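Colleague: Sequence and predicted structure are below.
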Amino acid sequence: MSIPPLDNKSRPSRRDYVKLWLGITMFAGFLALLAFKHPTDYGMIPSCPFHTATGFYCPGCGSMRAAHYLLNGHLTTSLRYNPLVLLILPLLVFSAVRLLCWMFLRKEIPFPGQTGVYWVALIVFLVFFIVRNIPLESFAGLRPPGR
């Protein structure tokens with residue numbers, strides 16, 4: 001799956017750059033807020049709707065707290081809340097850089113095995129979802145603490 005080609009005559013407009021910088025600024029603000037305040041301190045972030053409705057942990061449960069601890073340099077605590085955050089981070093960063101290069105430089109960064117990587121990520125998410133919900137004590141370490 002490759003990025004669709006664009007007309008080489010179309011260049012990013014000033015408005016595109018404003019939107020990009022606005023997005024980067026908002027994302028940086030969110031990361032700063034997440035780094036300095038624990039997600040449970042806000043009162044604005046609801047608990048996981050999937051967990052609330054079913055009692056099962058989704059693959060994302062604990063990811064906000066994991067990101068908070070990762071931003072504060074507590075790697076082992078971050079892994080304890082949700083190890084997928086650390087595993088998926090390189091793929092997300094690479095995908096974002098690839099998209100920005102395509103949007104603003106009109107150059108596609110090659111991604112050999114792209115489809116395979118995304119399939120592996122999907123399988124890891126599904127296996128993690130199933131295993132973290134097995135009601136045995138040996139799998140309790142995959143569930144986020146504090147619930």
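Modeller: Okay, I see it.
Colleague: Quick check: which ranges of this protein have low pLDDT?
Modeller: Regions of the chain meeting the criterion pLDDT under 70 cover residues 1-10, 43-45, 147.
Colleague: all helices of this structure, in order?
Modeller: With DSSP state H as the criterion, the chain has helices at 14-36, 49-54, 63-71, 75-81, 83-100, 114-132.
Colleague: Can you give the distance of the fourth one from its chain's centre?
Modeller: The offset between the C-alpha centroid of helix 75-81 and the centroid of the whole chain comes to 15 Å, using CA atoms, centre = their mean, to the nearest Å.
Colleague: How about that helix, which residues are buried there?
Modeller: Buried residues in helix 75-81, counted by 16 or more other CB atoms under 10 Å: 78-81. C-beta coordinates here come from the backbone N, C-alpha and C atoms, glycine included.
Colleague: Please apply the same query to the first one.
Modeller: Of the residues in helix 14-36, those buried by neighbour count under the rule 16+ other CB under 10 Å are residue 34.
Colleague: If I take it and helix 63-71, what angle do their directions form?
Modeller: 80 degrees (axes from the mean of the first three to the mean of the last three CA atoms, to 10 degrees).
Colleague: Let me see the residues that make contact with helix 14-36.
Modeller: 64, 67-68, 71-72, 100, 103-104 (CB atoms under 8 Å, 6 or more residues apart in numbering).
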